[in-house]
Every structure is written in structure tokens, then in C-alpha cells.
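In: My questions are about this predicted structure, shown below with the sequence.
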Amino acid sequence: MSSPSATSPTAIDLAVIDYGMGNLRSVLRAFERVGGKPRLVSSAVEAKTADALVFPGQGAIMDCMRLLKETGLDHTIRDWIAADRPFFGVCLGLQALFEHSEEGDTPCLGIFPGQVIRFKLEAPFKIPHMGWNNVRWLPSPADGDTISDPALSGISPANDQFYFVHSYHAQTPVRSLVWGETDYGGVFPSAVRRGNCFATQFHPEKSQAKGLQLYRNFLAGAARHRAGRGR
């Protein structure tokens, strides 16, 4: 039997950050379902050799940032994204990329300009924002439209729904960072992107077929990135 090629998602060394919070099994199972072979990492040394890095944040941002600093994974994430290596952040894994969160008045990773604020909503909208909602995807600067964007292959530009559970959301002055938007008592960034860095406020692993498609697309992009490096 031949071994997987460098451009095959099964050849990707996919590191999933385990910083001691939340149940990561659903994320691991989701990537396994789309042909990936994820492994948990809890230190910078373990993550260093991976082809792609996944940050499935869950819980309170104060605890998240404390544990990232204790393990040195805060530097790993900053360096990883600065080097434009494939990265996917989920929920708190999106929020932590910005400068500051209102939750616990917490300094975050500061990779992207912007703040994380609590929803300020009136009836009938409830906090947390929980359940299915639409995402309107925006063209990436590189591809010019959502149709030709390989990261959105198989995804509708505006009609597909994804699963959310959150009380805080990001806001950024940099429009080009916003990859997807969602309306919940007002429009907020539900996905961000820069180069090979992708992050979603919703949970792809809980979003059934369309969420799995996003993970499948990410793995395919990571495989192309690996092949381009000649590894």
C-alpha cells in the first residue's frame, strides 16, 4: 500500500491545542471524520513540528490566557500565525487572537487589532447567543469572491447555518480581517481570516455537514501549504 502523498489531508500532522479546558473529543472526532489524523498537544515543543495548528478555545478567557502563558503556547500561537502557517481557531480560539476582552478585563494575544465585548441586546434576543444562525461570507482579498475561495468550497455565501454558543463577540477596525458576519441583534464578525489563519466564533464540529466541510477545506489547504514548502 502506498503512503499518503504530501498533498493528501491524511499526510497532515494536525496539532490540536489542549490547555486543560473543555472537552476536545468533538473537535478530534470531527477532523477524523474528514480524513485528518489530529493529535493533542499541551506544550510548545509538542506543537513545533506540526503542519497545522488548531486552537479550540472553551471556557473563560481569563483561565485560557493564564494557561496559554503557563505552557508557553501563547508564544507558539503568535509565532505560528506570524509565519503564516495553517491555523484554525474556534470560539474562544477566535476571541483570544484580539487585543483585549471585556470578560474579566483580560489582555489577549494581541495578534489582531480589536476588542472582545459582551453582547448588549434587547428583547427578544437572549444572552448567550445559542443555536443555529446564518453566516454571510465575505470575499477574501486573494480570491476576490466567495465562489473561487477554496476555503469555502461547498459552502453557501449566505444561506448555510452554523452552531453558536457565546456571550461575547469580537469587533475590529480592520475590515479586511472579517471573513464572515452574523446578525444577532446587530451584525458581528463570526469568522476572521488573514493568510493561512482562519478562526470562527461558531463551532464547526457542532455544525453538522457544513461545519465538517469547513474543516475538510482547511485540511486541504494545509496539504497544499505543506506541498508548497517541499516537505
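Out: On my side now, so go ahead. Numbers count the residues shown, from 1 in each chain.

In: ok, residues contacting the lengthiest strand in the chain?
Out: Longest strand in the chain by number of residues (criterion: DSSP state E): strand 187-194. Contact with strand 187-194 is made by 81, 94, 97, 112, 133, 135, 137, 140, 151, 162, 164, 169-172, 176-182, 198-202, as judged by C-beta atoms under 8 Å, 6 or more residues apart in numbering. Backbone N, C-alpha and C define where each C-beta goes, glycine included.

In: Buried subset of those, written for ChimeraX?
Out: Only the buried entries of these go into this ChimeraX selection, using 16 or more other C-beta atoms under 10 Å:
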select :81,94,97,112,133,135,137,140,151,162,164,169,170,172,177,178,179,180,181,182,198,199,200,201,202
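
In: taking the contacts of strand 187-194 one by one, which sit in helices?
Out: Applying DSSP state H to the contacts of strand 187-194, the entries found in helices are 81, 94.

In: among the contacts of strand 187-194, which are in strands?
Out: Checking the contacts of strand 187-194 against DSSP E, those in strands are 133, 137, 162, 164, 169-171, 178-182, 198-200.

In: Now do the strands in the protein.
Out: Using DSSP E, strands in the chain cover 14-17, 38-41, 52-57, 87-91, 100-101, 106-107, 115-118, 129-134, 136-137, 161-166, 168-171, 178-183, 187-194, 197-200.

In: Counting by contacts, list what the first one packs against.
Out: If I follow you right, that is strand 14-17. Packing partners of strand 14-17 (3 or more C-beta pairs under 8 Å, 6 or more residues apart in numbering; DSSP states H and E): helix 25-33, strand 38-41, helix 44-47, strand 52-57.
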